[in-house]
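Participant: My questions concern the predicted model and sequence given below.
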Amino acid sequence: MGTRQTALRAAFRHSLPIMAGYGFLGFTYGVYMHTLGFSFLYPMLLAVTVYAGSVEFLLGNMLLGAFHPLQTFLMVLMVNARHLFYGLSLLDRYHGLGWKKFFLIFGLSDETFALTSSLRAPEGTDRGWFLLWLTWLNETYWVAGATLGGLAGGLLHIDLHGMEFVLTAMFTAIFADNWLREP
């Protein structure tokens, strides 16, 4: 089996908890966008281009009103400022990865940070491909969930109250698991 396939298999195993969380929360986001009156294309395209779950939920309401560039910029900065610190702590880990680091930077989320900062590529697995697949899989779960939720939004009539907490709960669970595993 090639280096890329070995890295993909290893990354997939580690990303399964994220698939469950992102699939569910992305689906909720897609349904939410549908309840606001948007086609499934909006949550799908925002998931691909923005890929910042908290911001995407906020953008749904912002897209309904007049566009205020400064307000939008400040809101996104306040919500995602933590990513600046995530990125700084991963500089050494991403060093020497060539073109892969551009997607690794774009695809950095709370959950991806938790995994990439605590996991090592399994022995015999290329570190760059392992990190790339891990990041790509996590984003794919989010995009798939958002798209499916946008498509199913017209078929489902559910109360979404409280679903925004799923992302925080998932990050806390990953953090606690890593903390308990450390000697």
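Facilitator: In hand now; what should we look at? Residues are numbered from 1 along each chain as shown.

Participant: show me where pLDDT drops low in the chain?
Facilitator: Scanning the chain with the threshold set as pLDDT under 70 gives 1-2, 158-168, 170-171, 174, 178, 182-183.

Participant: Please repeat the previous calculation with a cut-off of 80.
Facilitator: Low-confidence segments of the chain (pLDDT under 80): 1-2, 156-183.

Participant: quick one: the helices in it?
Facilitator: Using DSSP state H, the helices of the chain run over 3-35, 41-49, 53-62, 69-80, 82-89, 91-94, 100-106, 110-118, 127-152, 166-181.

Participant: could those helices go into a markdown table alongside mean neighbour count?
Facilitator: For every residue, glycine as well, the C-beta is placed using N, CA and C. Converted to a markdown table, the helices of the chain look like this (neighbours: other CB atoms under 10 Å):
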| stretch | mean neighbour count |
| --- | --- |
| helix 3-35 | 20 |
| helix 41-49 | 20 |
| helix 53-62 | 18 |
| helix 69-80 | 12 |
| helix 82-89 | 12 |
| helix 91-94 | 13 |
| helix 100-106 | 16 |
| helix 110-118 | 20 |
| helix 127-152 | 22 |
| helix 166-181 | 14 |
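
Participant: Can you give me the neighbour number for the nearest residue to residue 80 once chain neighbours are set aside?
Facilitator: Excluding the flanking residues, the one nearest residue 80 by CB to CB, 6 or more residues apart in numbering is residue 52, at 5.5 Å. Residue 52 has 20 neighbouring residues, counting by other CB atoms under 10 Å.

Participant: ok, residue 52 touching residue 79?
Facilitator: Yes. Using CB atoms under 8 Å, residue 52 is in contact with residue 79, at 7.3 Å.

Participant: what's the spacing between residue 96 and residue 138?
Facilitator: The gap separating residue 96 from residue 138 is 22 Å, by CB to CB, to the nearest Å.
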